[in-house]
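Asks: build me a model:
(4 chains)
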There are 2 protein chains.
Amino acid sequence: MKRKITLKQIAKELDVSVSTVSKALSGSKEISEDTTQKIQAFAKLYNYRPNNIALSLKNRKTKTIGILIPEIVHHFFSTVIRGIERIANRRGYNVIVGLSNESFTKEIINMEMLANGSIDGFILSISKETLLKQDYHHFNATINQGIPIVMFDRVVNEVECDKVIVDDFNGAVKAVKMLLDKGCKHIALITTVDYVSVGRLRTQGYLEALQLNKIEADPQLILKIEDSLNVDNHLEDLESEIEHFFKLNPAIDGVFAVNELYAVTAMKVARKLGRSIPDDVQVIGFTDGVLSKHATPSLSTVSQHGQKIGEQAANLLIDRLEAIETESTQYLGSADSKSDFIKVVIETEIIERESTK
Amino acid sequence: MKRKITLKQIAKELDVSVSTVSKALSGSKEISEDTTQKIQAFAKLYNYRPNNIALSLKNRKTKTIGILIPEIVHHFFSTVIRGIERIANRRGYNVIVGLSNESFTKEIINMEMLANGSIDGFILSISKETLLKQDYHHFNATINQGIPIVMFDRVVNEVECDKVIVDDFNGAVKAVKMLLDKGCKHIALITTVDYVSVGRLRTQGYLEALQLNKIEADPQLILKIEDSLNVDNHLEDLESEIEHFFKLNPAIDGVFAVNELYAVTAMKVARKLGRSIPDDVQVIGFTDGVLSKHATPSLSTVSQHGQKIGEQAANLLIDRLEAIETESTQYLGSADSKSDFIKVVIETEIIERESTK
DNA sequence: ATATTTAGCGAAAACGTTTTCGTGTTGAAA
DNA sequence: TTTCAACACGAAAACGTTTTCGCTAAATAT
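Replies: Residues are numbered from 1 along each chain as shown, chains lettered A, B, ... in the order given. As a prediction, this is how the structure comes out:
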C-alpha cells in the first residue's frame, strides 16, 4: 500500500526544493528544461496528483457545491440532482448532498456542517417544516457569510438569492384549460395544504383557468390532502379519502392533481367506481415521473423538466462563484452589486397521454 | 458580509496567541479560567466554527464518503443513497456523490477526482460498461492507495473489498417458487443480457426453482432484453417485444421479471391481449419501487431493501476507516490484516400484492 | 576589468488548524 | 535567600500546496 506521493517527497527524492517541483510541474519557464523533464517524468511515474484539500485551503475555495434537498427517493429531486451534477462535473465541480427529510433542524445542521469551508455555495429546496415555521434565518446567515445560495422549486421571497422555479401557476392554468377544451364541465382539484408554495400556486392556476372560462369555482370540488409527511404508509387513507370525495361529487368528469401520486390514485379510484378513463373522467397531473409514464392508462402530465432546473441552478451558482472570484481581484471598490439576483422560470410542458381524450 | 472568523482573528482581537485560543476553545485546562471564559464568550459571539478544510488537511482525513453510482434517477439507487446518508450523518460524515452514467470513463474520472484527498473512502456500484470491459484496475489502484472501497449490488470477484449484496439468486428462487405454488405451469422469465451479474443470478435462480420442482426449463419462455442503456425512449420497443413474446407463447400463465419496468410492461401487454391478471397470468417482479406499489393491479415484488443496503455499506466503510485510524496508532507492526473482507448478504423479501393470487 | 543583467533555483509565507515543547512568572518549600 | 514545581501562555512545526521574493553564478555590457 503506497500512499499518494507529495511534492515534498518528490523534492527529497530528486534533491531539489519543493518550489522547484511545483514550478516544474506547472511548466514554469523559470525552471531549466532539464530539471523540468526530470521532475515531470518522475511525477508521471509515481502518478502524482495535487492534494485537493491542500489546494482548497490555499485557494480558499473547494470547487464543491452543496445540495440540500428534503428527500432523495423522489423522481423530481433526483432528476434535479442529475442536472446539477452534469453541469458541475462539466465545469470542474463536485457535489455533496445533504438531506433534510423535510425537517427544519436537519436542514440547519446540514447547512452549518457544510458551510464551515466544505463547499463554495448551496443549491437547495426548502423543507416543509421550514416553510411552515417561516424561519429563514439560516439561509440569510449563510449568505451573509459570503456563501451564495441558489434556491429551486420551493423558494421564498424572504431570502434574497438566485432562484430557479417552475411556472407552477401557468402550468396549472394550461392543464385545466386543456381539460376544459376537451369538454370537461366539472373539474376537480386534488391538492396539498397551502403552505408549500408550489401547491398554492397550482391551486391558484386552477382557479384562474376556471375564471378565464367564466366558470364559477365550486369549493366542493377542491380536495386538500393533509400530508402526514409520510405518504407511503398511508396509501389506503389516501385512496379512501379520494373515494369519499368522488362519491360526494358524482358529477366530476375531470381531475387536475398537483402531483403524480394523487393523479394515479384518482384514476385507480375512479375505475374502481366504474368510471372509465378518459371517457367518463379525464385526469391530468403535475410532475412527469415514472408513475405517469407507466400507469395504465398512462397519465397526461405537466412536465417540470427537473433536469433543466438543476442545470440552470448549477450554472447560476457557478457563474456567481466565478464572478465573485474576479470581482475580488478587481481593485475598484465593488459598488455593492446586490439585489440584482436572477430568477429563472422554467416553462412547463403538457405531455398528453391516455388519461385525456 | 462578514466572512467566517478564524482563530488568528480571535487571537489578534483578544491579544493572545493562536495556540491559546485553540486550547481555550477545546477546554484545555492549560489555560486559566479567566482567559478561557473570555475567549469562549468572544467565539460564541462571533459564531466561530473551525474550518473543515484546515481540519481535513491537518488530520489527513475528510470525514467524507464518496458515493459512485451509475444513475441517480432510479428508485433503487436513490434508496441506497438515503441509507448511506442516514448512517453517514449519524456518524459524523458527509457524502459526496458522483454519477458514472454507466460509463467506464466517467467512472474513472470521478474516482480520480475524488481520490485526491477529497474523500476517505468509496461506496460504489459498478457501471455496466465497466462490467462489460471487465477492467477493474481503477478500483484496485484506489484500494492500493489506502482508500477503502465498499461495493454494493453490482460487485465483482476481481476486486478485494467489503461488499453488500442482495441475495439475487434466492430471491429469484423464492419468487418463481411462489408462482409455482400458486398454480402456474408455464412461467416466463423476462431478463436482461447476462453481463450484469445481478441479472445473471436472477436467471439462475429462475432455473433453479424450476429444477427443484422437476420442471424442464423451456428456452422459448426466456426473453432477454437487450438494454440500449436508455430504456426511457424505447418504451414502445419494449412493449412490442414483450407482446411478440406473449403471442409466441400463449401458454404463459406466470411471469417473473428481473425488474419493475419489465413486470409492469408485461402486465400491460397481457391485459392488452385480453388476459386477466392475476387470473390468467400472474406476475412478479424484482425491485420494490414506486411502480410496483402504484400500478393497477399493484405488483407483487421481491423487495431488495435498498435503504438497508446503504446503511450496511456505510457502517462497513466507516468501521473500516476507524479501524485503520486506531491501527496506525498502534505500535505493533500491523500484521497485514488483508483478505478478511466482509461480504454482507441482505435477504430479499416477497411482497404480495394484486398481481398474484 | 568592472558593472549589470539574467537564468535557475531555494527560502519563506500563506491558507486555518492542533499539538508539542519551551519559557517566564509566581508561589511555596528548603 | 535560594530552589523548584506549578501555572499560564507563546513559538513553532506540521498537513500539502502555490507564489513572491531573494540569492548565486554565469553571461553580457561598459
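Asks: domains of chain A?
Replies: Structurally, chain A divides into domains by automatic domain parsing as follows: A:7-50, A:62-166+A:306-346, A:168-304.
Asks: as a markdown table, those domains with mean pLDDT and distance to residue B:169 would be great.
Replies: (Each C-beta comes from the backbone N, C-alpha and C, glycine too.) Shown next, in a markdown table, are the domains of chain A (pLDDT from 0 to 100; distance: least, C-beta to C-beta, whole Å):
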| stretch | mean pLDDT | distance to residue B:169 |
| --- | --- | --- |
| domain A:7-50 | 96 | 39 |
| domain A:62-166+A:306-346 | 92 | 26 |
| domain A:168-304 | 91 | 27 |
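Asks: alongside chain B, which residues does the stretch 151-300 of chain A contribute?
Replies: Proximity of the stretch 151-300 of chain A to chain B is confined to A:232, A:235, A:261, A:264-265, A:267-268, A:271, A:289-291, A:293-296 under the rule C-beta under 8 Å from any C-beta of the partner chain.
Asks: may I ask which of these has the most neighbours?
Replies: Greatest neighbour count in those, by other C-beta atoms under 10 Å in any protein chain shown, goes to residue A:267: 29 neighbours.
Asks: residue A:344 in helix, strand or coil?
Replies: Secondary structure, DSSP: H, G, I helix; E, B strand; the rest coil: residue A:344 is strand.
Asks: which strand residues bridge it?
Replies: With DSSP bridges as the criterion, residue A:344 is bridged to residue A:164.
Asks: how about the contacts made by it?
Replies: Residue A:344 sits next to A:162, A:163, A:164, A:165, A:312, A:316 when contact means C-beta atoms under 8 Å, 6 or more residues apart in numbering or on different chains.
Asks: would you say the last one is within a strand?
Replies: No. Secondary structure of residue A:316 (three-state DSSP): helix, not part of a strand.
Asks: quick one: the strands in chain A?
Replies: For chain A, strands defined by DSSP state E occupy the ranges A:64-69, A:94-99, A:121-124, A:149-152, A:162-166, A:187-192, A:222-225, A:254-257, A:282-286, A:300-303, A:343-346, A:349-351.
Asks: just want the most central residue of chain A.
Replies: residue A:80 (4.6 Å; C-alpha atoms, centre = their mean).
Asks: residues of chain A that sit close to DNA strand C?
Replies: Proximity of chain A to DNA strand C, by C-beta under 7 Å from any atom of the strand, involves residues A:15-20, A:29-35, A:54, A:57-58, A:60.
Asks: now, which of those lie close to chain B?
Replies: Checking the residues of chain A next to DNA strand C against chain B by C-beta under 8 Å from any C-beta, the ones in range are A:54, A:57.
Asks: buried ones among the residues of chain A next to DNA strand C?
Replies: Buried members of these, scored by 16 or more other C-beta atoms under 10 Å in any protein chain shown, are A:16, A:20, A:31, A:54, A:57.
Asks: show me the helices in the stretch 151-300 of chain A, by range?
Replies: Taking DSSP state H, counting those that start in this stretch, the helices of the stretch 151-300 of chain A run over residues A:168-181, A:197-212, A:235-248, A:260-272, A:290-294.
Asks: identify whichever of the ones you listed lies nearest to residue B:108.
Replies: Closest of those to residue B:108 is helix A:290-294, at 29.6 Å (criterion: C-beta to C-beta).
Asks: could you give the bridge partners of residue A:225?
Replies: On the basis of DSSP bridges, residue A:225 is bridged to residue A:192.
Asks: quick check: it touching residue A:262?
Replies: Yes. Between residue A:225 and residue A:262 there is a contact under C-beta atoms under 8 Å: 6.8 Å.
Asks: between these two, which contacts overlap?
Replies: With C-beta under 8 Å, 6+ apart as the test, residue A:225 and residue A:262 both reach A:190, A:191, A:238.
Asks: burial check on residue A:116, number of neighbours?
Replies: Residues lying near residue A:116 (other C-beta under 10 Å) number 18.
Asks: equivalent analysis for the one 4 residues further on, please.
Replies: A total of 24 residues lie near residue A:120 under the criterion other C-beta under 10 Å.
Asks: over to residue A:165?
Replies: 21.
Asks: show me what counts as buried in stretch A:243-257.
Replies: A:243, A:245, A:246, A:252, A:253, A:254, A:255, A:256, A:257.
Asks: what's in contact with it?
Replies: Looking at what lies outside stretch A:243-257 - C-beta under 8 Å, 6+ apart - the contacts are A:172, A:175-176, A:179-180, A:182-191, A:206, A:220-221, A:223, A:263, A:266, A:269-270, A:272-273, A:275, A:280-286.
Asks: pull out the buried members of the residues you listed.
Replies: When the contacts of stretch A:243-257 are checked against 16+ other C-beta under 10 Å, the ones flagged as buried are A:172, A:175-176, A:179-180, A:182, A:184, A:186-191, A:206, A:221, A:223, A:263, A:266, A:269-270, A:275, A:281-286.
Asks: surely residue A:18 meets residue A:8?
Replies: Yes. When contacts are counted by C-beta under 8 Å, residue A:18 is listed as touching residue A:8 (5.7 Å).
Asks: wait, residue A:197 sits on residue A:130?
Replies: No. Using C-beta under 8 Å as the test, residue A:197 is too far from residue A:130 to be in contact (11.7 Å).
Asks: more crowded one of these two?
Replies: More neighbours surround residue A:130 than the other of residue A:197 and residue A:130, with 22 against 17 (other C-beta under 10 Å).
Asks: so how far is DNA strand D from the more buried one?
Replies: Residue A:130 sits 36 Å away from DNA strand D when distances are taken as C-beta to the nearest atom of the strand, to the nearest Å.
Asks: contacting residues around that residue?
Replies: Taking C-beta under 8 Å, 6+ apart as the test, what residue A:130 contacts is A:100, A:104, A:107, A:136.
Asks: for chain A, what lies in contact range of DNA strand D?
Replies: Counting by C-beta under 7 Å from any atom of the strand, chain A sits next to DNA strand D at A:4, A:6-8, A:18-19, A:22-23, A:25-26, A:30, A:48-51, A:54-55, A:57-58.
Asks: gap between the residue nearest to residue A:353 when sequence neighbours are not counted and residue A:290?
Replies: With C-beta to C-beta, 6 or more residues apart in numbering or on different chains as the criterion, residue A:353 has its nearest non-adjacent residue at 4.0 Å, and that residue is residue A:298. To residue A:290, residue A:298 is 11 Å away according to C-beta to C-beta, to the nearest Å.
Asks: and the closest residue to residue A:263 other than its chain neighbours, what does it touch?
Replies: In this structure, residue A:263 finds its nearest non-sequential neighbour in residue A:285, 2.9 Å apart by C-beta to C-beta, 6+ apart. By C-beta under 8 Å, 6+ apart, the residues touching residue A:285 are A:256-260, A:262-264, A:292, A:299-302.
Asks: recalculate using a threshold of 6 Å.
Replies: By C-beta atoms under 6 Å, 6 or more residues apart in numbering or on different chains, residue A:285 lies in contact with A:257, A:260, A:263, A:299, A:301.
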